[in-house]
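K.L.:
Predicted structure and sequence below. I'll ask about it afterward.
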Amino acid sequence: MKCLTDNSRITRLNYLYLFCIIIYAGSATEFARSLGNIATVGNAFALLLTIIFIVKKHIIFNRRYLCSLVVFTVYAVATFIANKLINPLWLSQWYIWLTIAYVICQCYGKRLFVIYETIIYHLCIVALVFWGIYIIFPSLITSIVSILQFNNSYTDDVQSKNMIVYTLMEESRALNNFVKIPRNAGFAWEPGAFASFICLAIYCNIIRTNFKLNDKKIVVFILALISTQSTTGFIILIAMIAFWLIFSKRTYYAAILLPVILFMFQLPFVHNKIMDEYNNVSYVDISQFSKSTALGRMASLQLD
């Protein structure tokens, strides 16, 4: 079995396959969101690419893979019995996801972190360029993205357009009472999701460099994260900063970083969003929902 080791050469196919999976994970279009749905073209393309990757990399499916499928199948059967409903499409969806995850782990190994970081780094550069131009010349970027639009957006928002490496969301959020700066969604379906991808890339970087923050990629990641104006992203970043202080035993830096952290919590898209959800939260009666529903962060925390 050919797998990537620390000294192995990273081929274009390695980058291409993981790039495609990351775009699928970005879920910005109906095509990307169809991964796992056996009745869609998007899923068929992903499976074809995965099969080619398996053949090229001589990946072998071992007992661990089979055991994971058995364990999940037992869980799925128990779920079907409990709910008195059989859903083959849901079952096949998870088989596909588990298979792709196995293929990635088997082939990339530890190099997954390096390749992921590199791909997100370049996607951040693309996102920052388009976002920066959009602030100055919004009509120009709107025209470019409209012409290069890859597929229908997964949302009902007609203002959302995607060209694979960049998603244009024509909405603004005020940083203060005088300036409105559009949020940067990058390649993902919304800015918060893009921020989560960036935070994972930052984590990959700091464990690769042993928590050395003098890497140029960190600068790009932080700038891209700021451009998302994401509450989730900033809270994750604060948690990682705290983790870095403890890990590096540089707690004296806390005196310098504490004002920065307090300032970040006072940003409108962090403080106001958290307080709005807290003030508007109400207890939820689960019985009123006949199907699935999406709840806010605070309401979700109240569920037993």
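P.N.:
That came through, no problem.
K.L.:
quick one, what contacts F31?
P.N.:
If you count contacts by CB atoms under 8 Å, 6 or more residues apart in numbering, F31 has them with T40, V41, G42, F150, N151. The C-beta positions use only the backbone N, C-alpha and C, and glycine is treated the same way.
K.L.:
Return the residues in contact with L13.
P.N.:
F53, K56, K57.
K.L.:
what's the spacing between it and K57?
P.N.:
Here the distance between L13 and K57 works out to 8 Å (CB to CB, to the nearest Å).
K.L.:
can you check S300 too?
P.N.:
40 Å.
K.L.:
What of I222?
P.N.:
To K57, I222 is 34 Å away according to CB to CB.
K.L.:
Compare neighbour counts for those two and give me the winner.
P.N.:
More crowded of I222 and K57, by other CB atoms under 10 Å: K57, with 20 against 15.
K.L.:
The more buried one contacts C107, doesn't it?
P.N.:
Yes: judged on CB atoms under 8 Å, K57 makes contact with C107 at a distance of 4.9 Å.
K.L.:
quick one on the thing from earlier: and of the contacts of L13, the nearest to T79?
P.N.:
Comparing those against T79 with CB to CB places F53 closest, at 30.4 Å.
K.L.:
and that closest one, how many residues sit next to it?
P.N.:
21.
K.L.:
mind listing the strands for the stretch 101-250 of the chain?
P.N.:
Ranges of strands in the stretch 101-250 of the chain, per DSSP state E, counting those that start in this stretch, are 160-162, 167-169, 172-174, 180-182.
K.L.:
export these to TSV and tack on mean neighbour count?
P.N.:
Output for the strands of the stretch 101-250 of the chain, formatted as TSV (neighbours: other CB atoms under 10 Å):
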stretch	mean neighbour count
strand 160-162	25
strand 167-169	24
strand 172-174	14
strand 180-182	15
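K.L.:
now the ones you listed in a markdown table, with mean pLDDT and distance to A28?
P.N.:
Formatted as a markdown table, the strands of the stretch 101-250 of the chain follow (pLDDT from 0 to 100; distance: least, CB to CB, whole Å):
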| stretch | mean pLDDT | distance to A28 |
| --- | --- | --- |
| strand 160-162 | 86 | 4 |
| strand 167-169 | 89 | 5 |
| strand 172-174 | 46 | 19 |
| strand 180-182 | 81 | 16 |
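K.L.:
rewinding a little: pick out whichever of the contacts of L13 sits closest to A46.
P.N.:
Of all those, A46 sits closest to F53, with 10.4 Å by CB to CB.
K.L.:
Is that closest one in contact with I104, as I believe?
P.N.:
No: at 9.2 Å, F53 does not count as touching I104 under the criterion of CB under 8 Å.
K.L.:
Number of residues surrounding C107?
P.N.:
Neighbours of C107 under the rule other CB under 10 Å: 23.
K.L.:
Of the contacts of L13, which belong to helices?
P.N.:
In helices, defined here by DSSP state H, the members of those are F53, K56, K57.
K.L.:
Just give me the closest of those residues to P88.
P.N.:
So of the ones in helices among the contacts of L13, ranked by how close each gets to P88 (CB to CB), first place is F53, at 25.7 Å.
K.L.:
Please report how far F45 lies from C124.
P.N.:
F45 is 25 Å from C124, by CB to CB.
K.L.:
just A188 next, same as before
P.N.:
Per CB to CB, A188 is found 11 Å from C124.
K.L.:
and what of I238?
P.N.:
Separation of I238 from C124 (CB to CB): 19 Å.
K.L.:
Neighbour count for these two, which is higher?
P.N.:
Per other CB under 10 Å, whichever of I238 and C124 has more neighbours is C124, with 25 against 16.
K.L.:
Does the closest residue to K56 other than its chain neighbours belong to a helix, a strand or coil?
P.N.:
Closest residue to K56 apart from its sequence neighbours, by CB to CB, 6 or more residues apart in numbering: L13 at 6.1 Å. Here L13 takes the helix state, with states given by DSSP: H, G, I helix; E, B strand; the rest coil.
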